[in-house]
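A.B. asks: The amino acid sequence is not available; the structure is as follows:
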């Protein structure tokens, strides 16, 4: 294991207690039971990878944004430790392995990887952003992990000089499985990626199976998207800067008519009851996946909960001062899900010229998900096949640039 610099001042005694507390939280919420992963969380000093963040905040089980673009959208962060632990468990790391990470971030996850592979292993992390790569390298050296190789390059190309790898992991949302990754992964290797499934991310552990790749583990997740040529067609549009009202479309060719959307949103909405009572996890696990597969007009909407003016109300999910919901959009009209006065009951609210029709469609889609026994991530299997150069589309398959995804459920939905 790379040597971790630990001093004996009162400040560092406190940060050790904070590390222990973070590991306990991650264990208690079920994100990690592997003692090796918990030991890594107790050992690697996250606050040294977040030098501008107070230690008490650095050791919360939260994602922390570290860089935004010119529009204020997050483009780099330190991921939520629970999600890191889940993905590390999916990766099934062994001491002595060679690991490639796509997306360096702060360098913290690379340090956890280095701890897990030990002194006989090797970790390489790649990031397309020169500033991010430079800061990750400095953070790793300062935290006692100078042996991690940091490369500034487009992660879609992997890093051939270090191949073959036993394990690969992407800590950014990816739209497709890059051919270079699969070529650089050893025959018995495993790759874990937050893969885009029409706007929904699932952390998937893939292994080779004959002529294609099959999922060995699938977990819900949410990540900032990969930048560069391999980013994919997803569109993230800030509609209102004052409230950070943000619209995410899975594969939009053009941006929305922002003024028209907001004008419709500011008028009274039309509500359509779904009759479906549920809780937060099934909505953002199962129902979002259902819409992604069955509804080409589907979208995600987020807004800051502390905004003085709000266009979202009683959303199914609130995380870190942000409200999140899902819906469908068509032109300058939109319908989104909200919570009705009956506890846990979902209602569809439509805005704009055809908002009433969209709300009815959204309610119908929601009832169809319920009638199908609310399928979600449990039991989900994803097979990734090399995409034929000349072949007709397969009904139900999700077509990517390099791969074709086929989704199925190996166990009945519950």
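C.D. replies: Thanks, I have it. Quick caveat: nothing in here was measured; it's all calculated off a predicted structure. Residues are numbered from 1 along each chain as shown.

A.B. asks: What residues does the closest residue to residue 199 other than its chain neighbours make contact with?
C.D. replies: For residue 199, ignoring the flanking residues on the chain, the nearest one in space by Cβ to Cβ, 6 or more residues apart in numbering is residue 250 at 3.0 Å. For glycine as for every other residue, the C-beta is placed from the backbone atoms N, C-alpha and C. Taking Cβ atoms under 8 Å, 6 or more residues apart in numbering, we find residue 250 in contact with 196, 198, 199, 233, 234, 292, 298, 299.

A.B. asks: Just the buried ones among those, please.
C.D. replies: Among the contacts of residue 250, the ones that count as buried by 16 or more other Cβ atoms under 10 Å are 196, 198, 199, 234, 292, 298, 299.

A.B. asks: Mind checking what secondary structure the first one has?
C.D. replies: Read it as residue 196. strand (DSSP: H, G, I helix; E, B strand; the rest coil).

A.B. asks: For it, list the residues it contacts.
C.D. replies: So residue 196 contacts 173, 174, 175, 176, 225, 232, 234, 250 (Cβ under 8 Å, 6+ apart).

A.B. asks: Around residue 314, how many other residues sit close by?
C.D. replies: 14 (other Cβ atoms under 10 Å).

A.B. asks: buried set for the longest helix anywhere in the chain?
C.D. replies: For the chain, the helix that runs over the most residues, judged by DSSP state H, is helix 10-28. By 16+ other Cβ under 10 Å, the buried positions in helix 10-28 come out as 15, 18, 19, 22, 23, 25, 26, 27.

A.B. asks: Point out where the stretch 51-200 of the chain drops to low pLDDT.
C.D. replies: Scanning the stretch 51-200 of the chain for pLDDT under 70 picks out 71-73, 75.

A.B. asks: Can you show me the strands along it?
C.D. replies: 64-68, 74-78, 98-102, 122-127, 149-152, 165-170, 185-197, 200-209 (DSSP state E, counting those that start in this stretch).

A.B. asks: Remind me what the third one packs against, helices and strands.
C.D. replies: Here strand 98-102 touches helix 108-117, strand 122-127, strand 165-170, helix 179-184, going by 3 or more Cβ pairs under 8 Å, 6 or more residues apart in numbering; DSSP states H and E.

A.B. asks: Nearest to residue 330, out of those?
C.D. replies: strand 165-170 (32.5 Å; Cβ to Cβ).

A.B. asks: Direction-wise, compare that closest one with strand 98-102 and give the angle.
C.D. replies: 20 degrees (axes from the mean of the first three to the mean of the last three Cα atoms, to 10 degrees).

A.B. asks: Any chance you could list what contacts strand 165-170?
C.D. replies: 87, 91-94, 97-103, 109, 113, 155, 158, 181, 184-186, 188-194, 226.

A.B. asks: circling back: now distance to residue 240 too, for the contacts of residue 250, in CSV please.
C.D. replies: Output for the contacts of residue 250, formatted as CSV (distance: Cβ to Cβ, whole Å):
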residue, distance to residue 240
196, 25
198, 25
199, 21
233, 23
234, 20
292, 25
298, 21
299, 15
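
A.B. asks: Which ones among those residues lie within helices?
C.D. replies: residue 292.

A.B. asks: And the contacts of residue 250, which is closest to residue 346?
C.D. replies: Once Cβ to Cβ is applied, the member of the contacts of residue 250 that ends up nearest residue 346 is residue 298, at 14.9 Å.
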